[in-house]
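1. Structure for this input, please:
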Amino acid sequence: MPSLWAEADFRKLWIGQSASLFAAYASQVTLPLVAVVSLGASAAQLGGLRAAQQVPILLVSLFVGVLVDRWRARRMMVYADLGRAVLLGLVPIAWTLGLPFLYVVAFVIGVFSVCFDVACQASFTRLVRQDQLAQGNSILEGSKSAAQISGPAIGGALVSLLTAPLAVLGSAVGFLVSVVSIWRLPDARPVAPSGGIRDGLWLVVRDSSLRAIAMATCVYQFFFTAMMTVYILFLSRSLELPGAAMGLVLAAFGPGALAGSLLSSRMPRWFGYGRVVVFAALISDLVMLSTAALHGSTTVTVAALVTINFLYGVFSQTVDVAIMAIRQAVTPDTVQGRVVATIAFLGMGLTPVGALLGGAAAGVFGVRAALAATIAGLFLSPLTLSLSPLARLGRIVR
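-> Down below sits the predicted model:
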C-alpha cells in the first residue's frame, strides 16, 4: 500500500490539522490564565469559562453535521480557524470588557472548534481511499496525541515569556498557519445538497455497525468521565500524592495515546478489526482496574500508576482509531458529517451526568469503591462491541 505521505493533499490536511490542534490545546491553558491572572476569576467563574467552551458540543454538533454535508468542508475548516484566530486576537482587550466578554469568546471558539473537527473528519474521508483510512487515522490521531502532550506545555511557556493576554496570540498564529495550509486543498463540491439532522440520526439507529459504535461510545464516555472525576480524588486523597507526582501520573496518558496511534494502523492488518476493537478495549479496562488495588505514595506506587496509564493510553487509543476507520468506511460519503456529529452528540451528551455520578458515588461509597465501580462500568463498552457485528470484522472493512 503506497504511503499517504506521498499524497500532497493529505500532507496539506495534516499540516493544517496539526497546527490547529497545537493552537487549540495551547489556548486551553492560556485562556483560563487570562481569566485568573488578568481578571481575577474565582474557581466558579473558571468552571463557567470551561463550560462555555464545552457546551457547543451539545448545542450545535447536529446542525454542524448538516452544514458539513451541504457545504464545502474545506471552506468550513478555513473559516472556523480564521474565526478562532480573530477571536483570540481580541482577547487582550478583555482587560477593559471583563469576564462576560471572555465567556462570549470562549463560547464562540467552542462553536468554531466543533465546526473544524466535524469538517476535518468529513474532508479526510473524501481525500483518501478506503484502504488508506487506518493509516491516515493513525497519522492524524498521532498528531492529536502529540498536541495533547505538548500543546499545554507550549501555552504555559508562552505565558511565562509574554504574560497571559499576549500568549493567547501565539495560538492565533497557529490557527492562521492552519488556514494557509488548508486553503490550498481542492475545493470539492458539497456531497449532499439536501437532507437534515434526521438522516444522520436515522442511519446511526438503522445501521447495526454504527449503532454499536454509538452505544459503545456513549457507555465509554459516561463511565470514563465518572472514573476521571473519582480518579483525581483517589490520587490526591486516598494515595496522598504530591502535586508533582500527580502531574507525572496524569501525563502518562499522553505518550501512551501517541504510541497507540502509531500501532493502530498495523494491528488491524495483523489481527483484524473485530479482534482489535474488542480485545484492546478489554485489555485497557483490565489494566485500569488494577489501579484500585494500589496503596500509599511510594515510588513503586507512582511507577505503577505511570505504567498503568501509559498502557491504558496505548490500548484505548488503538480502539479509538480502529473504531474511527470502521465508522468512516461504513458511512456513505453523503452523510459523513452528520454521522460524525450524531455520534459526537450521543457520546458526549451524558458526560455531565457521569461527572455528577462519579462525585456522588465517591461521597456515598468511598473513593476506592467508587473508583472500582466506575472502572467496572467501562467493561460495558467492550461487551457492547463483542455482541455486535463489529466483533466479526476481518482485516478489511467493507
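2. Could you use CA atoms for every contact and neighbour count after this?
-> OK.
3. Low-confidence regions, this protein specifically.
-> Applying pLDDT under 70 to the chain flags the ranges 1-2, 43-44, 46-47, 94-95, 187-195, 243, 395-398.
4. Skip ahead from the longest helix anywhere in it and say which helix or strand is next.
-> Across the chain, the helix with the greatest residue count (assigned by DSSP state H) is helix 299-330. Proceeding N to C from helix 299-330, the next assigned helix or strand is helix 336-349, under DSSP states H and E.
5. who does that next one touch, helix- and strand-wise?
-> helix 56-70, helix 99-127, helix 197-206, helix 208-233 (3 or more CA pairs under 8 Å, 6 or more residues apart in numbering; DSSP states H and E).
6. What is the distance between the last one and the centre of its chain?
-> Taking CA atoms, centre = their mean, to the nearest Å, one finds helix 208-233 lying 13 Å from the centre of the chain it belongs to.
7. Buried ones in it, by neighbour count?
-> Within helix 208-233, the residues scored as buried using 16 or more other CA atoms under 10 Å are 209-231, 233.
8. Run the angle between it and helix 299-330 for me.
-> Using axes from the mean of the first three to the mean of the last three CA atoms, to 10 degrees, one finds that helix 208-233 and helix 299-330 are set 160 degrees apart in direction.
9. Buried ones in the longest helix of the chain, by neighbour count?
-> 301-302, 304-329.
10. ok, and what's touching stretch 107-122?
-> 17, 52-57, 60-61, 64-65, 68, 73-74, 76-77, 80-81, 83-84, 87, 336-337, 340-341 (CA atoms under 8 Å, 6 or more residues apart in numbering).
11. change it to 6 Å
-> Ala52, Gln53, Pro56, Val68, Ala73, Met77, Ala80, Arg84, Gln336, Gly337 (CA atoms under 6 Å, 6 or more residues apart in numbering).
12. can you check stretch 124-134 too?
-> Contacts of stretch 124-134 (CA under 6 Å, 6+ apart): Ser265, Ala325.
13. Can you get me the start-to-end distance on it?
-> 12 Å (CA to CA, to the nearest Å).
14. Next, the buried residues of it.
-> Applying 16+ other CA under 10 Å to stretch 124-134 flags Phe124, Thr125, Leu127, Val128, Gln130, Gln132, Leu133, Ala134 as buried.
15. before we move on, what about stretch 79-96?
-> 79-92, 94.
16. next one: stretch 279-296
-> Quick answer for stretch 279-296 (16+ other CA under 10 Å): 279-289, 291-292.
17. same check, this time on stretch 29-40
-> Buried-residue list, stretch 29-40, by 16+ other CA under 10 Å: Val29, Thr30, Leu31, Pro32, Leu33, Val34, Ala35, Val36, Ser38, Leu39.
18. So the first one: helix, strand or coil?
-> To tie it back to what came earlier, the one meant is Val29. helix (DSSP: H, G, I helix; E, B strand; the rest coil).
19. ok, it - contacts?
-> Pro152, Gly155.
20. From Ser290, how far out is it?
-> Distance from Val29 to Ser290, by CA to CA: 31 Å.
21. What of the fifth one?
-> Noted for Leu33: a distance of 35 Å to Ser290, by CA to CA.
22. ok, now the last one?
-> Here the criterion is CA to CA. By it, Leu39 lies 42 Å from Ser290.
23. swap in the second one?
-> When CA to CA is applied, the distance between Thr30 and Ser290 equals 35 Å.
24. out of the buried residues of stretch 29-40, who's nearest Leu390?
-> Val29 (38.0 Å; CA to CA).
25. tell me, what residue is most central in this structure?
-> When CA atoms, centre = their mean is applied to the chain, the residue found nearest the centroid is Lys144 (8.1 Å).
26. Chain neighbours aside, what residue packs nearest to that residue?
-> Leu21 (6.4 Å; CA to CA, 6 or more residues apart in numbering).
27. picking that back up, which strands and helices sit next to the longest helix of the chain?
-> Here helix 299-330 touches helix 253-264, helix 273-289, going by 3 or more CA pairs under 6 Å, 6 or more residues apart in numbering; DSSP states H and E.
28. What residues sit buried inside the helix or strand that comes right after the shortest one?
-> Which is helix 253-264. Downstream of helix 253-264, the next assigned helix or strand under DSSP H and E is helix 267-271. By neighbour count on 16+ other CA under 10 Å, the buried set for helix 267-271 is Met267, Pro268.
29. circling back to that earlier point, among the buried residues of stretch 29-40, which lie within helices?
-> Among those, the members that lie in helices (by DSSP H) are Val29, Thr30, Leu31, Pro32, Leu33.
30. with those residues in mind, which one is nearest to Met246?
-> Nearest member of these to Met246, counting by CA to CA, is Val29, at 17.7 Å.
31. Any figure for the gap between that closest one and Gln148?
-> 11 Å.
32. before we move on, the earlier item: dump the helices and strands packed on helix 336-349 into CSV; add distance to Ser381 as well.
-> Formatted as CSV, these follow (distance: least, CA to CA, whole Å):
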stretch, distance to Ser381
helix 56-70, 22
helix 99-127, 23
helix 197-206, 17
helix 208-233, 5
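33. Please consider this matter closed, and thank you.
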